[in-house]
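Undergrad: Below: sequence and its predicted model.
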Amino acid sequence: MNASWPAIRFTVNGELRAVSVPPMKRLLDVLREDLHLTGTKEGCGEGECGSCSVRMNGDLVNSCLVPVLQAEGAIVQTVEGLATKGVLHPLQEAFLNCGGAQCGICTPGMLMAAAQLLEQTPHPTLAEIREGLAGNLCRCTGFMRIFESVLAAATQAEPEQPHAR
Amino acid sequence: MSTNPTTRIVGAAVPRKEGVDKLLGRARYVDDIEREGMWYGATVRSTIPRGRIRSIAFDPNIDWSEFAVVTAADVPGKNRIQLILDDQPCLADGQVNHCDEAIVLVAHPSKTRVRDAVSAVTVEYDPLPPVFSIEESEQQETIVWGEDNLLKSFLLEKGDVDSAWATAAHIVEGEYRTGAQEHLYIENNGMIAEWSADRGITVWGSLQCPYYVYKSLLSVFALPEEKVRVVQTETGGAFGGKEDYPSTLACHAGLLSMKCGHPVKMVYDRMEDLAATTKRHPSRVRHRTALDSNGRLLAIDIDLATDGGAYATLSSTVLSRATLHASGPYSCANIRIRSRSWATNSVPYGAFRGFGAPQAIFAVERHMDEIAAAIGFDPIELRRRNFLHDGDTNATEQVMREPVILDRLLDRALSESDYHAKRARYARDNAVSPVKRGIGISAYYHGSGFTGSGERILNSLAGVDVTPEPRVRVLVSNTEFGQGTNTVLTQIASEALGVSYDDLTMAPPDTGAVPNSGPTVASRTVMVVGRLIERASSQLIAMLREHAGLPAPHTREEFFAACERYRAAHGKVESLCRYEAPPGIFWDDQKYRGEAYPAYAWAIHVAQVAVDSVTYSTEVEGFWAVQEIGRVLHPVLAAGQIEGGIAQGIGYALYEKVVSENGHMANNQMTNYIMPTAEDVPPIHVFFEEIPFRHGGYGAKGIGELPHDGPAPAIVNAIRDATGVSFNSIPLLPEDLFVRLCALLPVEEPAIQ
């Protein structure tokens, strides 16, 4: 780390952080190396696999394609910010129960994509789930149990109508 | 909780053992781990497929004293990776035999500086003529391996094939080809090594088989056993792709660590992983089949060839499994299978889920549909007439002693998929629709565990111990890489010991801590190792009953109390068991005759496709898989295995093409090596029939590889049903369909007025 780089400030998982790193350093590397948030994974380094997906200012981004200077002032959420006080997020709970995670390497990115989807579309159809997760590759599950997990989480998030879907 | 009334935990969908860590993002994969003072390693690779190394030059503008540099000359022991043979150098010495072969290793404290250094090393070569295909290799004009380019061959003969042709009502021939396939685990290969004069070498990495890596390290570093330690880190997918390559990478990282005196991390990026590591063997399979007028198989003659790549690696055992699955789940008195694996100057091909069976089963199951078309039979009926049944013998003359329920599986698959009604409907609708629909099936078995005498040679040791906390630990070298090893083995032990699932944990996958229970390959974990854990658990109960006053039956509390009494008297509470072959197993390695596998899992796949006659794209619209895998130990994990394997099989059939240019993978990026996404996979319907297998852990047989065998032939059979055209090669991309289907279009007369 070089102290001569101007500080870049952004909020990660609700906490204001400042890093002095080259401005073109990938957000992915800043999260992993400088902030030690290793939950976000690199799979391809070219925005194809979605393993490095994080949420930034309400968008889902591939953090391998985001130079950290673009995160200045941003609100970033990573997989580490999903659970609250040790309680799994409904998506994490659903992935655990439905078998949505196998090897787990795509899981952090998949969870962030699913969280993004459910925020925008709380009751997605199967087609909307497929589209919402199409940028996140999973080589283990064949996606069936991921779809099921997202549907289960969506249902759980709506306690008034537990059988709505 | 359990789906089976006789067990509490086996059969229940308990949470994945390491699931919470993975979901919280705190599971530690190799690239998530840092060691104090760690350096980063990188690899200088060959840019040509074959040649002698004339010189290695280091750019004088770089201060090389900052770097650790390793070549073959730095290998303290034997410069060979130890696998079945030891023909593959750890670092190229004097000659390269494939593109992207490792020649020089460099390490530096800075990740970016080390990348710059790689491009500052120039290797000059005297090129030698390369060989890139089965056809070139088998001509034996250019010898690139051994005396004759032949990595391995088998000849399996049952009955008298040659006498069958004269009396046959039909003789049908066909040739079928499959391409290379990349595993595309989302976590690339990676390893950290730490060398010290006192402790020797320790590696942490993404891998399937700790004791394989261990064996190569012993030899490359010429160290005694106590100075080599291999620890598996959380592994982000493997599928066979981390069976042999991690041995090479561990040696590389270790050599750099020895040179610089620091821990060294080597993690490949996607392009390097795709270019330099193993893929599924390409194959060419020729069938010649004799049938009587009732559609009964009289003789099967198969010539099977694989491209093994530049070194022997696992090609012989992949070829063995291909050979043993080549004639399918059919009863035939006369079978001959001649198989050969040929060396080329491609990156060595390796293990990939199915291990030769997907190639062989693509051929035989495509061929069955071609036979049906040639002799005017329904493809379902043709299969039914020839299915193996209880008491029949397969190609190796192994008697089917366990129940064979292919007909039942087939009936269920046809009914669940509504096969007959759809087939009739598509035949009507296709005539007038630009989208041609079709439905196709495949029927097959997959042998569980190592082939023939393999399990006896492995001689696995596994067991359980109890720690003072108290926790029960499962002691195995079998690894978790998504399939559910941790979950299923701890289920088995908790069931057998009468404790709760939460009392169980896995001992660390560390050669310093666990016995060698064999590699995590060949669909052997639940059947073979699971059985060892079941036996070791029963043995522990017997020990505690005899020596520590454990009552029968016992509660969880009584169990742990007895463990403490036993510990007070004997120091530790541990129970290990060694593999014992099921009785009556006979295998002749020379003639390839006898019990090829202790058990087979059976499956019927049905694929429904839509071929767009405008874009030539194929969509798999629905998929049905009905299988018998012995007892299902965990319904969610089991279904997840089947679904994931089918998705990979769909990719194998329709998407995944390795493009080679002069022996280098040209599309070594996820941008242009395409796997199925969430929008490409169809609804996959999975059904199990359960027949517990006496010699498997709680009745289980192998499951992991099974689902990859069937999709490709079922899909291509469905495409034949949709288009009326036979496609005998995969991957089958839209451009391939375009070329064939356009050529068949009637040439329209120009409109002349």
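TA: Great, that's in hand.
Undergrad: the domain parsing of the chain - what is it?
TA: With no chain named, the answer covers chain A. Taking automatic domain parsing as the reference, chain A has its domains at A:8-81, A:90-156.
Undergrad: actually chain B
TA: Taken from automatic domain parsing, chain B resolves into B:19-28+B:460-578, B:33-128+B:183-268, B:283-451+B:591-742.
Undergrad: Mean pLDDT and mean neighbour count for the domains of chain A - can I get that in CSV?
TA: Just so you know, the C-beta spots here come from the backbone N, C-alpha and C atoms, and that holds for glycine as well. Listed next are these as CSV, based on pLDDT from 0 to 100; neighbours: other Cβ atoms under 10 Å in any protein chain shown:
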stretch, mean pLDDT, mean neighbour count
domain A:8-81, 98, 20
domain A:90-156, 98, 23
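Undergrad: Tell me who's in contact with the residue of chain A found nearest chain B.
TA: Distances between chain A and chain B by Cβ to the nearest Cβ are smallest at A:Gly39, namely 2.2 Å. The neighbours of A:Gly39, taking Cβ atoms under 8 Å, 6 or more residues apart in numbering or on different chains as the test, are A:78-80, A:108, B:24-26.
Undergrad: So which of these is the closest to B:Ile439?
TA: Using Cβ to Cβ, A:Pro108 is the member of the contacts of A:Gly39 that lies nearest B:Ile439, at 38.3 Å.
Undergrad: That closest one belongs to a helix, doesn't it?
TA: Yes: counting by DSSP: H, G, I helix; E, B strand; the rest coil, A:Pro108 is located in a helix.
Undergrad: is it true that it touches A:Lys41?
TA: Yes: counting by Cβ atoms under 8 Å, A:Lys41 is a contact partner of A:Pro108 at 6.0 Å.
Undergrad: got any residues that touch both of those two?
TA: A:Ser51.
Undergrad: neighbours around B:Leu150, how many?
TA: 16 (other Cβ atoms under 10 Å in any protein chain shown).
Undergrad: Excluding chain neighbours, give the residue nearest to it in space.
TA: B:Arg340 (6.0 Å; Cβ to Cβ, 6 or more residues apart in numbering or on different chains).
Undergrad: confidence score at B:Ser453?
TA: Note on B:Ser453: pLDDT of 89.
Undergrad: so it touches B:Tyr592, yeah?
TA: No: B:Ser453 is beyond contact range of B:Tyr592, at 11.3 Å (criterion: Cβ under 8 Å).
Undergrad: Which one of the two is surrounded by more residues?
TA: In terms of neighbours (other Cβ under 10 Å), B:Tyr592 is the more surrounded of B:Ser453 and B:Tyr592; the figures are 23 against 16.
Undergrad: mind listing what's buried in stretch B:31-43?
TA: Buried residues in stretch B:31-43, counting neighbours by 16 or more other Cβ atoms under 10 Å in any protein chain shown, are found at B:31-33, B:35, B:38-43.
Undergrad: Contacts only, for the closest residue to chain A within chain B.
TA: Of the residues in chain B, the one nearest chain A is B:Gly25, at a distance of 2.2 Å by Cβ to the nearest Cβ. Contact partners of B:Gly25, counting by Cβ under 8 Å, 6+ apart, are A:37-40, A:78-80, A:107-108.
Undergrad: Repeat the analysis, applying 7 Å as the threshold.
TA: A:39, A:79-80, A:108 (Cβ atoms under 7 Å, 6 or more residues apart in numbering or on different chains).
Undergrad: Next, the distance between the ends of stretch B:429-438.
TA: 10 Å (Cα to Cα, to the nearest Å).
Undergrad: Does B:Gly236 touch B:Ile186 like I think?
TA: Yes: shown here, B:Gly236 and B:Ile186 form a contact pair, counting by Cβ atoms under 7 Å, at 5.5 Å.
Undergrad: overlap in contacts of these two?
TA: By Cβ under 7 Å, 6+ apart, the residues touching both B:Gly236 and B:Ile186 are A:Ile105.
Undergrad: Give me every residue in chain A lying close to chain B.
TA: Selection of chain A residues close to chain B by Cβ under 7 Å from any Cβ of the partner chain yields A:38-39, A:43-46, A:48-49, A:51, A:79-80, A:83, A:88, A:92, A:95-96, A:99, A:101-108, A:130-131, A:133-134, A:137, A:139-145.
Undergrad: hmm, try it at 6 Å
TA: A:38-39, A:43-45, A:48-49, A:51, A:79-80, A:83, A:92, A:95-96, A:99, A:101-108, A:130, A:133-134, A:139-145 (Cβ under 6 Å from any Cβ of the partner chain).
Undergrad: follow-up on the earlier one: quick one, which of the domains of chain A is nearest to B:Ser442?
TA: Closest among these, once you apply Cβ to Cβ, is domain A:90-156, at 17.0 Å.
Undergrad: start to end distance for the closest one?
TA: Start-to-end, domain A:90-156 (Cα to Cα) is 7 Å.
Undergrad: Stretch B:152-170 too?
TA: 32 Å.
Undergrad: Ignoring the adjacent residues along the chain, who's closest to the residue of chain A closest to chain B?
TA: Nearest to A:Gly39 is B:Gly25, by Cβ to Cβ, 6+ apart, at 2.2 Å.
Undergrad: Over to A:Ser149?
TA: Per Cβ to Cβ, 6+ apart, closest to A:Ser149 is A:Gly100, 3.4 Å.
Undergrad: do the same with B:Val20
TA: A:Leu96 (6.7 Å).
Undergrad: in which helix or strand would I find that neighbour?
TA: Using DSSP states H and E, A:Leu96 falls within helix A:90-98.
Undergrad: that older thread, distance-wise, check the residue of chain B closest to chain A relative to A:Val79.
TA: Distance check for B:Gly25 against A:Val79: by Cβ to Cβ, to the nearest Å, it reads 4 Å.
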